[in-house]
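Participant: Here is a sequence with its predicted model. Questions after.
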2 protein chains.
Amino acid sequence: MAYQRSTLMQERLAENRQRILQSARKLVARGGFRMAAIAAVAEDCGLSTGAIYRYFPSKSALFIEVLSSAVAHECEILAEIVDGDGTATQRLRDAVESFARRALQGPYLAYAFIAEPADPDVEAARILCRRDFGDVFKRLLRKGIASGEFPKQSVDVSAACIVGAFTEALVRPVEHATKPKSGDALVRAIVEFCARAVTRTA
Amino acid sequence: MAYQRSTLMQERLAENRQRILQSARKLVARGGFRMAAIAAVAEDCGLSTGAIYRYFPSKSALFIEVLSSAVAHECEILAEIVDGDGTATQRLRDAVESFARRALQGPYLAYAFIAEPADPDVEAARILCRRDFGDVFKRLLRKGIASGEFPKQSVDVSAACIVGAFTEALVRPVEHATKPKSGDALVRAIVEFCARAVTRTA
DNA sequence: GAAAATAGTGAACTTGAATTCACAAATTTA
DNA sequence: TAAATTTGTGAATTCAAGTTCACTATTTTC
């Protein structure tokens, strides 16, 4: 007779799948893809390397899922802020702050999403994610420009610059020889930078 | 009797060394470290893989030299602009434009210098290079703040944001679904973004 | 509880790229 | 030009990391 998974079993499998994704995310956040070898992921989530391949067909597939689910989550949060109430300037500040604050927990994660080179298939997935991600900022920039709050500017370039600015600023502090800024001060400085960059200048 | 290299021979060796460095730089500029396998470098400069190891003890050593010589060159050019005449704002514009324009020739090169993950020893070298590089911008920011042209701000963060902004903006256009901007328009948009970001806002 | 099916294990296999090395070519000495 | 030394070659080796697979453990069916 056909084998039928019990509800309990299904739950356990789903849980394992999640655990794998979480471990992968954690390791990427800690040190980029280099830290996230399959063996390391397996070790972290208490499974064997072989087991990973029961849940994901390849390393790429696993990381594509890590990437896209995290980005989708980010986009939801940002979209809520961007489409909310208040001036475009304030919404930009809030969006940048929100993103920066979360990214600060795992600087490498933000970095991996945005820049770290990977296999071509992961790269392809990233391009899609990036578009979604950039679109949120572009939408906000367009609104601000339409309302006259922001000066005319290339929304493509400004969006890219914003993303680049805080990625860089977030990933870098690690290597500052001087005392690393407190998270709060860092986030505030980044927000100010971005706010000045898109708003009208004298 | 002791073997003595003729002047001609010495020149040829030095030339080979340069050729290797050039090939490596070219390949990195074209597609990041991934494209720059030792075999590819060897092929490009018309030597065998074994020969490369007569000139450089390891792949890392080779790339560290590519990196630091290119960054040193950049820093010289930028320093000249930054320490020249004119308002801080104008010098910032010129510096960003100059860098962006050159980076545009080989987007991946700028990217590899700034962000691409690599072996720990290359990473260590990059940190040193980045400090030199960031220092040029910080010096400019400090001057502008002192003269009252720029509002008070974290020079560390702003410098990082500037570097991040144009790196991102330069590397990304490749994947814009929409028509890629012409180089000129792109550079201009980046310059405007950075100029607004550091100068006083209304 | 025994048989059938699925899930998990980890050592072995595969792959791709860095590095080495036995040898060939070229250069210098005498 | 012959011997000695250095430089160049590229196939073989090493190494790291992804993937597979023969086997064990667990779960489901009857």
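Facilitator: Thanks, I have the structure now.
Participant: helix or strand for the residue nearest to residue A:77 when sequence neighbours are not counted, which one?
Facilitator: The shortest distance from residue A:77 to any non-neighbouring residue, by C-beta to C-beta, 6 or more residues apart in numbering or on different chains, is to residue A:98 (6.3 Å). (Glycine included, C-beta is placed from N, CA and C.) Assigned by DSSP states H and E, residue A:98 belongs to helix A:88-105.
Participant: Please name every helix or strand in contact with the next helix or strand after that helix.
Facilitator: Sequence-wise, the next helix or strand downstream of helix A:88-105 (DSSP H and E) is helix A:107-114. When contacts are defined as 3 or more C-beta pairs under 8 Å, 6 or more residues apart in numbering or on different chains; DSSP states H and E, helix A:107-114 packs onto helix A:7-35, helix A:59-82, helix A:120-146, helix A:155-171.
Participant: Apply 6 Å and report the result again.
Facilitator: With contacts taken as 3 or more C-beta pairs under 6 Å, 6 or more residues apart in numbering or on different chains; DSSP states H and E, helix A:107-114 sits against helix A:7-35, helix A:155-171.
Participant: Just the buried residues of the helix or strand that the longest one is followed by, please?
Facilitator: Next helix or strand after helix A:7-35 toward the C-terminus (DSSP H and E): helix A:38-45. Residues of helix A:38-45 classed as buried by neighbour count (16 or more other C-beta atoms under 10 Å in any protein chain shown): A:38, A:40, A:41, A:42, A:44, A:45.
Participant: got the angle for the helix holding residue A:98 vs helix A:107-114?
Facilitator: 120 degrees (axes from the mean of the first three to the mean of the last three C-alpha atoms, to 10 degrees).
Participant: which residues sit against helix A:88-105?
Facilitator: A:78, A:81-82, A:110, A:140, A:143-144, A:149, A:166, A:170, A:183, A:187, A:190-191, A:194-195, A:199 (C-beta atoms under 6 Å, 6 or more residues apart in numbering or on different chains).
Participant: Check the offset of stretch A:157-166 from the chain's centre.
Facilitator: 14 Å (C-alpha atoms, centre = their mean, to the nearest Å).
Participant: Give me the average confidence score over it.
Facilitator: For stretch A:157-166, mean pLDDT is 86.
Participant: mind checking the backbone torsions on residue A:118?
Facilitator: Phi and psi for residue A:118, reported as degrees, to the nearest 10, are phi -150, psi -180.
Participant: what does residue A:115 give?
Facilitator: phi -130, psi -30.
Participant: Would you mind measuring from residue A:14 to residue A:6?
Facilitator: 13 Å (C-beta to C-beta, to the nearest Å).
Participant: Equivalent analysis for residue A:19, please.
Facilitator: Here residue A:19 is placed at a distance of 19 Å from residue A:6 (C-beta to C-beta).
Participant: So for the two, which sits in the more crowded spot?
Facilitator: residue A:19 (16 against 8; other C-beta atoms under 10 Å in any protein chain shown).
Participant: List the contacts of the more buried one.
Facilitator: Contacts of residue A:19 by C-beta under 6 Å, 6+ apart are residue A:45.
Participant: same thing with residue A:149?
Facilitator: For residue A:149, the contacting residues are A:88, A:89, by C-beta under 6 Å, 6+ apart.
Participant: That one in helix, strand or coil?
Facilitator: Local secondary structure at residue A:149 is given as coil here, using DSSP: H, G, I helix; E, B strand; the rest coil.
Participant: Give me the spatial nearest neighbour of residue A:128, chain neighbours excluded.
Facilitator: Once flanking residues are discounted, residue A:128 sits nearest to residue A:68: 7.6 Å by C-beta to C-beta, 6+ apart.
Participant: quick one: that neighbour from residue A:12, how far?
Facilitator: If you go by C-beta to C-beta, the gap between residue A:68 and residue A:12 works out to 24 Å.
Participant: what's residue A:168 in contact with, if anything?
Facilitator: B:160, B:163, B:164.
Participant: Of those, which fall within the contact range of chain A?
Facilitator: Counting by C-beta under 6 Å from any C-beta of the partner chain, B:160, B:163, B:164 from the contacts of residue A:168 sit close to chain A.
Participant: want to throw those residues into CSV with neighbour count and distance to residue A:93?
Facilitator: Formatted as CSV, the ones next to chain A among the contacts of residue A:168 follow (neighbours: other C-beta atoms under 10 Å in any protein chain shown; distance: C-beta to C-beta, whole Å):
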residue, neighbour count, distance to residue A:93
B:160, 29, 19
B:163, 26, 22
B:164, 28, 18
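Participant: what's the angle from the helix holding residue A:98 to helix A:7-35?
Facilitator: Orientation of helix A:88-105 against helix A:7-35 (the same axes, to 10 degrees) gives an angle of 90 degrees.
Participant: Return the distance of residue A:104 relative to DNA strand C.
Facilitator: 33 Å (C-beta to the nearest atom of the strand, to the nearest Å).
Participant: and the helix or strand of chain A with the lowest mean pLDDT, which residues are buried?
Facilitator: Across the helices and strands of chain A, mean confidence by mean pLDDT, DSSP states H and E is lowest for helix A:107-114: a mean of 76. Neighbour counts over helix A:107-114 (16+ other C-beta under 10 Å) mark A:107, A:108, A:109, A:110, A:111, A:112, A:113, A:114 as buried.
Participant: and if you look at stretch A:195-202?
Facilitator: Going by neighbour count (16+ other C-beta under 10 Å), the buried part of stretch A:195-202 is A:195, A:196, A:197, A:198, A:199, A:201.
Participant: So the fourth one sits against residue A:154, correct?
Facilitator: Looking back up the chat, that one is residue A:198. No. The criterion here is C-beta atoms under 6 Å, and residue A:198 misses it with residue A:154 at 11.0 Å.
Participant: List the residue ranges of chain A that fall below the pLDDT cut-off.
Facilitator: Where chain A drops to pLDDT under 70, the residues are A:1, A:171-181, A:201-202.
Participant: Of all the helices and strands packed on helix A:107-114, which one comes closest to DNA strand C?
Facilitator: Taking C-beta to the nearest atom of the strand, helix A:7-35 is the member of the helices and strands packed on helix A:107-114 nearest to DNA strand C, at 5.1 Å.
Participant: need the contact list for the residue positioned nearest the centre of chain A.
Facilitator: In chain A, the centroid-proximal residue (C-alpha atoms, centre = their mean) is residue A:110; its distance is 4.5 Å. Applying C-beta under 6 Å, 6+ apart to residue A:110 gives the contacts A:103, A:167, A:170.
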